[in-house]
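[1] Build me a model from this:
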Amino acid sequence: MVFVDSSLLTRKMECFAKPLQSMIYSDYAQIRESAFKISERQDLNSAITEIYHERKKLMIVTDLKYAVDQVILSSDIKKALAFLQETNLQELPVGRIDIDGDTVFALVQSYQNRMEHHNPKFELHRKYVDVQYLISGAEIMGWAMHDAFTQTTPYNEETDVILGTIPAGVWTPVKFPAGRIIVLYPTDAHASGLAVDQPEDVKKVIIKVALGS
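    Numbers count the residues shown, from 1 in each chain. Predicted coordinates:
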């Protein structure tokens with residue numbers, strides 16, 4: 001798992017570095033190959049979309065304002081992003097909000113994050129993509145590819161969750177401040193709600209988007 005950073009790119013790529021810093025890939029060779037492809041293109045949005053169609057199994061971390069340029073925009077992903085962009089998120093009540101029935105819906109959460117970096121609980125999903133947005137506060141999202149995941153509980157079909165563990169030193173801590181969006185696919189094992197320096201209150205909305213939609 002590598003964050004694209006301007007130091008990894010050629011000078012020719014500098015004009016593209018900022019929106020690409022948010023993108024995450026599982027293999028450095030893929031990053032380099034994709035970076036040089038983009039360096040030869042004038043249309044950044046088309047280049048990013050091309051990469052995503054080639055590398056579908058990845059987590060995306062970006063600011064909400066860049067999301068439309070960096071996420072593959074299916075009709076239901078568009079609904080999720082539109083909800084985030086057009087809703088007064090601070091005023092949302094805790095609980096479920098239907099956007100398009102069971103195909104696209106939001107789960108609003110308010111909680112105090114925790115200091116569990118030594119052995120956090122990871123989860124995977126089978127039926128839904130997670131589009132997570134932090135409304136207030138800041139936390140760490142633990143991330144690892146699914147092949148490092150050891151399942152500890154049976155799959156819960158009702159909640160679409162499998163719980164498990166990732167060995168220490170294998171998972172990557174991802175900074176998750178307010179205003180940032182994280183898109184998680186079924187290949188992305190993740191541990192939410194980890195405190196940065198000390199526990200703090202956060203408000204988050206998780207939009208569930210059914211796979212294949």
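
[2] Which stretches in the protein count as strands?
    Using DSSP state E, the strands of the chain run over 2-3, 24-25, 60-63, 95-100, 104-112, 122-124, 128-136, 138-145, 150-151, 162-165, 172-177, 180-184, 188-194, 201-210.

[3] Run me through the strand neighbours of the longest one, direction for each.
    Meaning strand 201-210. Sheet pairing for strand 201-210, assigned by DSSP bridges, gives strand 104-112 (antiparallel), strand 128-136 (antiparallel).

[4] Of those, which is nearest residue 191?
    Residue 191 lies closest to strand 128-136 among the strands paired with strand 201-210, at 12.2 Å (Cβ to Cβ). Bear in mind the C-beta positions are built from the backbone N, C-alpha and C, glycine included.

[5] Quick check: which ranges of this protein have low pLDDT?
    Residue ranges of the chain with pLDDT under 70: 1-57, 213.

[6] thinking again about what came up before, ranking the strands paired with strand 201-210 by burial, who's on top?
    Stretch with highest mean neighbour count among the strands paired with strand 201-210: strand 128-136 (a mean of 21; mean count of other Cβ atoms under 10 Å).

[7] okay, that strand in PDB with CA atoms only?
    The C-alpha trace of strand 128-136 is given here as PDB (Å, rounded to 0.1, in the frame of the first residue of the first chain):
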ATOM      1  CA  TYR A 128     -21.400  -3.000  -0.200                       C
ATOM      2  CA  VAL A 129     -18.800  -0.400  -0.900                       C
ATOM      3  CA  ASP A 130     -18.200   2.000   2.000                       C
ATOM      4  CA  VAL A 131     -18.100   5.700   1.300                       C
ATOM      5  CA  GLN A 132     -17.000   7.200   4.600                       C
ATOM      6  CA  TYR A 133     -16.900  10.900   5.400                       C
ATOM      7  CA  LEU A 134     -15.800  12.500   8.600                       C
ATOM      8  CA  ILE A 135     -18.100  15.400   9.500                       C
ATOM      9  CA  SER A 136     -16.200  16.500  12.600                       C
END
